[in-house]
Every structure is written in C-alpha cells, then in structure tokens.
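Peer 1: with the sequence up front, the predicted model follows.
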Amino acid sequence: VQLVESGGGLVQAGGSLTLSCVASGRSFSSSAVGWFRRAPGKEREFVAAVTWNGATTNYADSVKGRFTISRDNAKNTAYLRINSLEPEDTALYYCALDISAGIFLSDNQGRYNYWGQGTQVTVSS
C-alpha cells in the first residue's frame, strides 16, 4: 500500500485548506484512516481518524471544530479539511492506514501500518 498526500501549502491565518490522501492497493476501503502532524521541533501527534465506512470520526481536542476528516472509498481517497488556520497548525501532515481497526479508532501511531510522506502546511500570521 502506498499513500500520497497533497494539498498543503502556504496560507494566511484564518484561511482554509483541504488535504488529500490517495491510496494504492486494496486495503484502503477496509482500513481506518488517520491524520497526524509534526510541527517544527515537536513530536508527531494525532489529529483525526475515520473508520473504514466513514461512520465514526475522532479528533484531537486541539482541532475539534476546525478540522473535518472524511473519505471516499470509491476514489481510494481520504480528506482533511482545515478551517480557521492558525500559525500553530504549521506542520508536516501525514495520513496513515490502520488495517486492523475494525469499528475502532486509535490515536496511537503504533497501530497504523502504512504511512505517506507528508504534505507541508505553513500558516503565516
């Protein structure tokens, strides 16, 4: 399985972005998808996750209300919509697959089996 993120860029504070994660292979539609980010000088952290069927989502407290995770299994693609961008959102954003999640969602990076290379989001103040 390969994951390719896109949609990052340089945005002014208050703006919006939609990140995409396109997967190759057959595991995508049966796997949970997670988004994580690594800010400069910080550890990679959980942002959001969605179950295989899109029915359940989970968000880090720091992004609730501004971030929306979704997926389109027909397109093997997951999305992360980010509204009201803040300079603190500046980070490299990664998507990942948890192929054994079932109906559960995890914020534990160790559960995720496949990772993309990331897409950079930079927010100017």
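Peer 2: Here it is on my side, so go on. Numbers count the residues shown, from 1 in each chain.
Peer 1: Tyr59 bridge partners, please.
Peer 2: Taking DSSP bridges as the rule, Tyr59 bridges to Ala48.
Peer 1: now do the contacts for it.
Peer 2: With contacts defined as CB atoms under 8 Å, 6 or more residues apart in numbering, the neighbours of Tyr59 are 47-48, 67, 69. Glycine gets a C-beta too; all of them are placed from N, C-alpha and C.
Peer 1: what of Gly116?
Peer 2: Gly116 neighbours (CB under 8 Å, 6+ apart): 2-5, 21, 94-96.
Peer 1: kindly report the same for Tyr79.
Peer 2: Contacts of Tyr79 by CB under 8 Å, 6+ apart are 18-21, 68-72.
Peer 1: repeat for Tyr114
Peer 2: If you count contacts by CB under 8 Å, 6+ apart, then Tyr114 has 1-3, 23, 27, 96-97, 99 around it.
Peer 1: cutoff 10 Å now
Peer 2: 1-3, 23-25, 27-28, 31, 95-99 (CB atoms under 10 Å, 6 or more residues apart in numbering).
Peer 1: ramachandran coordinates for the residue most central in space within the chain?
Peer 2: Centroid-nearest residue in the chain, with CA atoms, centre = their mean: Trp35, separated by 2.3 Å. The phi and psi values for Trp35, taken as degrees, to the nearest 10, are phi -110, psi 140.
Peer 1: before we move on, what about Asp98?
Peer 2: Dihedral angles for Asp98 - degrees, to the nearest 10 - are phi -110, psi 100.
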